[in-house]
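> show me the folded form of this:
(one chain, ligands or ions: 1)
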Amino acid sequence: MSGARAWWRALALGVAALGAGSAAAAGKPAQAKVEIKHFAFVPEALTVSAGTRVVWTNRDDEPHIVVSAGNRFASSKAMDTDETYATVFDKPGTYAYFCSIHPHMVGTIIVR
Ligand SMILES: [Cu+2]
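Numbering: from 1, shown residues only. As a prediction, this is how the structure comes out:
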């Protein structure tokens, strides 16, 4: 690849990144998913960018409640089968959570 081509490619990638940023600014945050199945959060640890909306979906036949360790984000209500709960993580950090009905169920959201 010539130097000029590499430069144009870098420019195109930069423009694409700017486009993604303005989509977020327009009120469409990135979204990431956690499934709850077989009494576990899947994935157990999820890494997202700041500003991402994380959506949990309960795939079990039992209710589950997402609760932040240390109360760092709002808790869900009891989610029945196929119900969802979502919250936006604006600040970088490591957010541990658990199910208050089944405290052995634990997960972590890592926000970069
Ligand atoms: Cu549970």
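> how near is the most centrally placed residue in the chain to the ion?
Taking C-alpha atoms, centre = their mean, the centroid of the chain lies closest to residue 54, which sits 3.2 Å from it. Going from residue 54 to the ion by C-beta to the ion, to the nearest Å gives 17 Å. No exception for glycine: its C-beta is placed from N, CA and C like everyone else's.
> now that residue: which helix or strand?
Per DSSP states H and E, residue 54 falls inside strand 52-58.
> one more: residue 109?
Assigned by DSSP H and E, residue 109 belongs to strand 106-111.
> cool, and residue 87?
Counting by DSSP H and E, residue 87 is part of strand 84-89.
> touching the ion at all, that strand?
No - judged by C-beta under 5 Å from the ion, strand 84-89 stays clear of the ion, getting no closer than 12.1 Å.
> for that strand, name the packing helices and strands.
strand 52-58 (3 or more C-beta pairs under 8 Å, 6 or more residues apart in numbering; DSSP states H and E).
> and the strand it packs on, which residues are buried?
Of all the residues in strand 52-58, those buried under the rule 16 or more other C-beta atoms under 10 Å are 52, 54, 56, 57, 58.
> do you know how far the spatially closest residue to residue 95 that is not a sequence neighbour is from the ion?
Computed as C-beta to C-beta, 6 or more residues apart in numbering, the closest residue to residue 95 that is not its neighbour in sequence is residue 109, at 4.4 Å. As for residue 109, its distance to the ion is 17 Å (criterion: C-beta to the ion).
> and residue 109, what does it touch?
Residues near residue 109 by C-beta atoms under 8 Å, 6 or more residues apart in numbering: 46, 48, 54, 89, 94, 95, 97.
> picking that back up, quick one: the residue nearest to the centre of the chain and residue 43 touch, right?
No - taking C-beta atoms under 8 Å as the definition, residue 54 is not a contact partner of residue 43, at 11.2 Å.
> out of the buried residues of strand 52-58, flag the one nearest to the ion.
Here the nearest of the buried residues of strand 52-58 to the ion, counting by C-beta to the ion, is residue 58; it sits at 8.3 Å.
> ok, back up a step: now the angle from the strand holding residue 87 to strand 106-111?
Put simply, strand 84-89 runs at 40 degrees to strand 106-111, going by axes from the mean of the first three to the mean of the last three C-alpha atoms, to 10 degrees.
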